[in-house]
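1. predicted model and sequence below, questions to follow.
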Amino acid sequence: MGDGIKKCFPVLKYGIFFAAFAAIFITELIILLRPEPKLNTQQYITEVAFPEYFRTLDEQKAYANAMSTMKLSSACCITNTTWLTPITMTDVTGVVRNMAQFRKKKQFFKSDTCTKKNAYCPCACDVKRVLVSGIYVHQNIRKTHHVGIFTSDACCKCTNVGNPNNH
C-alpha cells in the first residue's frame with residue numbers, strides 16, 4: 001500500500017500544479033478578453049471622468065431654479081441670467097476650443113446681462129468677467145477631453161460713475 005501512494009504522489013503533485021496553472025491561465029484570459037471601458041464615449045466622459053461638468057436638460061432646469069433663489073441684486077442694477085451651451089469657447093490663452101457637448105448631457109455656462117432699474121440710479125451697471133472651467137475636445141492623434149479655463153459674463157455690478165470704487 002505504501003508503494004501505491006508513492007507511485008500516485010507524483011501524479012497528485014503534477015495535478016495540483018496543473019490545476020493552479022489552469023486557474024491562473026483562465027483568470028488572465030478573462031482579464032484580457034473583458035471589454036475595456038472606452039475612454040472617449042459619452043457615458044465615460046459625462047459619468048466617470050467629468051460628471052460635475054455635465055447635466056441633462058431637466059437637471060439644468062432644477063439647478064437654474066435653485067440658483068435663481070440665491071440671486072443677488074443691487075439697488076440700481078437688474079441681473080438677467082441665461083444659460084448657454086456653446087459649441088466653441090475661447091480659453092484664457094486666446095485659443096478657440098471645441099466644447100464637449102453631447103445630445104443628452106451638456107455643459108451649461110451662466111451668462112449675465114445688466115440693466116439699470118431706472119434713470120435716477122447714480123451708477124453704471126456693468127457685467128464683470130469671471131473665470132470658469134469647462135471640458136473641451138482636444139484633437140491630437142486621437143480625440144481626448146481636457147479641462148480648460150474660459151471667461152464668462154457674470155456678476156452684475158453697480159459702478160459709481162465718479163468713484164473708482166465698486167459697490
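-> Thanks, I have it.
2. got the domain boundaries for the chain?
-> In terms of domains, the chain is parsed into 1-34, 42-160 (source: automatic domain parsing).
3. now do the last one: distance from first to last residue.
-> This means domain 42-160. End-to-end distance for domain 42-160, by CA to CA, to the nearest Å: 47 Å.
4. quick check, distance from it to the centre of its chain.
-> Centroid separation between domain 42-160 and its chain, computed with CA atoms, centre = their mean, to the nearest Å, is 13 Å.
5. state the mean pLDDT of it.
-> For domain 42-160, the per-residue pLDDT values average out at 91.
6. which residue ranges of the chain form helices?
-> Under the criterion DSSP state H, the chain contains helices at 2-33, 42-44, 57-68.
7. let me have the domains of the chain in TSV, extended by mean neighbour count.
-> (Each C-beta comes from the backbone N, C-alpha and C, glycine too.) Formatted as TSV, these follow (neighbours: other CB atoms under 10 Å):
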stretch	mean neighbour count
domain 1-34	9
domain 42-160	14
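8. these two touch, right, residue 110 and residue 152?
-> Yes - checked against CB atoms under 8 Å, the pair residue 110 and residue 152 is within contact range at 6.4 Å.
9. overlap in contacts of the two?
-> Each of residue 132 lies in contact with both residue 110 and residue 152 under the rule CB atoms under 8 Å, 6 or more residues apart in numbering.
10. just the strands in the protein please.
-> Under the criterion DSSP state E, strands of the chain are mapped to 77-84, 88-90, 96-99, 109-116, 123-139, 143-160.
11. ok, which of these comes nearest residue 25?
-> With CB to CB as the measure, strand 143-160 is the member of those nearest residue 25 (34.6 Å).
12. which strands and helices sit next to that closest one?
-> Contacts defined by 3 or more CB pairs under 8 Å, 6 or more residues apart in numbering; DSSP states H and E place strand 143-160 against strand 77-84, strand 88-90, strand 109-116, strand 123-139.
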